[in-house]
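Peer 1: All I have is the shape, not the residue letters:
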């Protein structure tokens, strides 16, 4: 009798394998980081071969830590960094170039030319503004800048995928019959899929210059895609769930219905609010996206507020400025001062995402005086995460026509008590952390387990969710609005820099 579902969480900075029990607990996990490559300013790359090696390693490590084998694993779910583009050879599995990561801005000139002054040119079909964030322009860049790649792609010799497709293809055999597929949530982030038909759109493929022959088939988020091949420690185990990381975190928070939401604090921050079977068009710079699709059931949609830089701002303070030796040190340092000393950090390293969509913006630290020290900067970095979250939450509330009663949170930064309290303060509503904060892996496991009958349905999954901690606002409305007004003034200082 299987005891677990295995989730492979291929994230921006690492790849993890997690074993989930039938009551929604994490039985064991294993994690390996991969290199962050910055060849030029604005360029961010990963080595796909390193990602696949790490995926294989963490599968073995998590089975060993749980003292179990593939025979106790009912299914495998995959979740991933969504807009990162990988192109590889069909015959050999060799990548033709490094993966271009979702944060990368090298394609901005292509985007500007395609937009010709109208970034919403394709929003009706895709739910997305034209931006370097999404995959389509990255694919075209690889084909045009890698010698011979475009001709090979048109002959069907090259394949494209976001990291879920890359892991799935390799896990199911690679050149020896690997399954080349993705799910609706990841396909919706390429800027090549029609939200209504859930299929690749020929007009979009032509506009971006992406050959149809290289694209994966689009499947639901919860179904049997194939089985792990003989080269894997999980031989014959069905791969049965795929969700983009933010949709997976929403699913792991048991936020299945219209109006239910979550906010994930990771490399960036991502608010997702379900809109059910209804496609809701944002008036406030949010994305319309797929939430999930279970088997042959109707797709479920969502609004998303995407923030490019939150946790990665802490990494920047550590790696580029040397203000801290480890990310875990930032809370104590920030707590050593009562406030930021009127300092604000706007981390527009790759421009600003929702709700502004300003690729011309660049990062700024404002309000500096001789009084400012590194503790003030640390506190301002944490507060920048909370301010940005407030802005996307306001945008979502306006689109939906109602305020939020509370905010469910997850991701690595929610262990930071100082940040969570300030988040409640600046939102003016409770902030709620679940007992299991690894909701991205949990959501991928849920999707896979549903497809093979490990869980009976959404009601059983809801029953696994429980609250760990709740933060309540502690500042006055007047103080809150004063801080927000200064933050918004700081944001405007980043505009029109490029």
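Peer 2: Ah, there it is. Bear in mind that the values here come from a model prediction, so they are computed numbers and not experimental data.
Peer 1: so how many other residues sit close to the closest residue to residue 189 other than its chain neighbours?
Peer 2: In space, and not counting its chain neighbours, residue 189 is closest to residue 82: 4.4 Å by Cβ to Cβ, 6 or more residues apart in numbering. Every residue, glycine included, has its C-beta placed from N, CA and C. Burial of residue 82 is recorded as 29 neighbouring residues (other Cβ atoms under 10 Å).
Peer 1: Quick check: residue 82 vs residue 55, distance?
Peer 2: 17 Å (Cβ to Cβ, to the nearest Å).
Peer 1: burial measure for the residue nearest to residue 14 when sequence neighbours are not counted, as a count.
Peer 2: What sits nearest to residue 14 in space, not counting adjacent residues and going by Cβ to Cβ, 6+ apart, is residue 33, at 4.4 Å. The number of residues packed near residue 33 is 12, by other Cβ under 10 Å.
Peer 1: Need the contact partners of stretch 343-350.
Peer 2: With contacts defined as Cβ atoms under 8 Å, 6 or more residues apart in numbering, stretch 343-350 is touched by 42, 103-105, 132, 308-310, 312-313, 316, 352, 358, 361-368, 372, 376-377, 380-381, 383-384, 387, 486-487, 490-491, 493-494.
Peer 1: Quick one: end-to-end length of it, please.
Peer 2: This stretch, stretch 343-350, spans 21 Å end to end (Cα to Cα, to the nearest Å).
Peer 1: cool, stretch 27-38 as well?
Peer 2: Distance between the two ends of stretch 27-38: 35 Å, counting by Cα to Cα.
Peer 1: Can you give the distance of the lengthiest helix in the chain from its chain's centre?
Peer 2: In terms of residue count, the longest helix belonging to the chain (DSSP state H) is helix 374-400. Averaging C-alpha positions (Cα atoms, centre = their mean, to the nearest Å) puts helix 374-400 18 Å from its chain's average.
Peer 1: ok, now stretch 292-304?
Peer 2: Distance of stretch 292-304 from its chain centroid, counting by Cα atoms, centre = their mean, is 17 Å.
Peer 1: buried sites along it?
Peer 2: Using 16 or more other Cβ atoms under 10 Å as the test for burial, stretch 292-304 gives 292-294, 299-304.
Peer 1: same deal with stretch 167-176?
Peer 2: 167-174.
Peer 1: Need the residues that contact it.
Peer 2: So stretch 167-176 is contacted by 8, 10, 51-52, 55, 76, 78, 80, 90-93, 159, 161, 178-182, 225-229, 231-232, 239, 242 (Cβ under 8 Å, 6+ apart).
Peer 1: PyMOL command for the buried members of these?
Peer 2: For the buried members of the contacts of stretch 167-176, the matching PyMOL selection, counting by 16+ other Cβ under 10 Å, is:
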select buried, resi 8+10+51+52+55+76+78+80+90+93+159+161+178+179+180+181+182+225+226+227+228+229+232+239+242
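Peer 1: buried residues in stretch 202-212?
Peer 2: Result for stretch 202-212 [16+ other Cβ under 10 Å]: buried residues 204-205, 207-211.
Peer 1: List the contacts of the closest residue to residue 270 other than its chain neighbours.
Peer 2: Closest residue to residue 270 apart from its sequence neighbours, by Cβ to Cβ, 6+ apart: residue 246 at 4.1 Å. Residues near residue 246 by Cβ under 8 Å, 6+ apart: 82, 264, 270, 272, 304, 440.
Peer 1: pLDDT below threshold where in this structure?
Peer 2: Flagging of the chain using pLDDT under 70 yields the residue ranges 231.
Peer 1: Domain boundaries for it, per the record?
Peer 2: With the TED database as the criterion, the domains of the chain are listed as 4-247, 254-434+466-497.
Peer 1: Tell me the bridge partners for the residue nearest to residue 287 when sequence neighbours are not counted.
Peer 2: Of all residues not flanking residue 287 in the chain, residue 304 sits nearest, at 4.4 Å (Cβ to Cβ, 6+ apart). Per DSSP bridges, the residues bridged to residue 304 are residue 272, residue 287.
Peer 1: Quick one: the helices in the stretch 101-250 of the chain, in order.
Peer 2: Counting by DSSP state H, counting those that start in this stretch, one finds helices in the stretch 101-250 of the chain at the ranges 108-115, 123-126, 135-145, 149-154, 163-171, 184-187, 202-208, 245-252.
Peer 1: just the stretch 301-450 of the chain next, same as before
Peer 2: For the stretch 301-450 of the chain, the helices defined by DSSP H, counting those that start in this stretch cover 311-319, 330-335, 374-400, 417-427, 439-452.
Peer 1: that older thread, mind checking which of the contacts of stretch 167-176 land in strands?
Peer 2: With strands defined by DSSP state E, the entries of the contacts of stretch 167-176 inside them are 8, 10, 76, 78, 80, 159, 161, 181-182, 225-227, 239, 242.
Peer 1: Just put those residues in CSV and tack on distance to residue 320.
Peer 2: Shown next, in CSV, are these (distance: Cβ to Cβ, whole Å):
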residue, distance to residue 320
8, 30
10, 25
76, 37
78, 32
80, 26
159, 35
161, 31
181, 38
182, 34
225, 40
226, 42
227, 44
239, 38
242, 34
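Peer 1: Next, work out how far apart residue 263 and residue 391 are.
Peer 2: For residue 263, the distance to residue 391 (Cβ to Cβ) stands at 12 Å.
Peer 1: is it possible to export the buried residues of stretch 292-304 to TSV including distance to residue 434?
Peer 2: Formatted as TSV, the buried residues of stretch 292-304 follow (distance: Cβ to Cβ, whole Å):
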residue	distance to residue 434
292	18
293	24
294	21
299	25
300	20
301	23
302	19
303	21
304	20
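Peer 1: Residue 467 against residue 436, yeah?
Peer 2: No: the criterion here is Cβ atoms under 8 Å, and residue 467 misses it with residue 436 at 10.8 Å.
Peer 1: neighbour-wise, which of the two wins?
Peer 2: Set residue 467 next to residue 436 and count neighbours by other Cβ under 10 Å: residue 436 wins out with 19 against 10.
Peer 1: Let me see the contact set for that one.
Peer 2: Here residue 436 is in contact with 24-26, 252, 442, 464 (Cβ under 8 Å, 6+ apart).
Peer 1: ok, back up a step: could you work out the most separated pair of the contacts of residue 246?
Peer 2: The most widely separated members of the contacts of residue 246, counting by Cβ to Cβ, are 304 and 440 (14.6 Å).
Peer 1: So for residue 446, which of the domains of the chain sits nearest?
Peer 2: Set against residue 446 and scored by Cβ to Cβ, these come closest in domain 4-247, at 7.3 Å.
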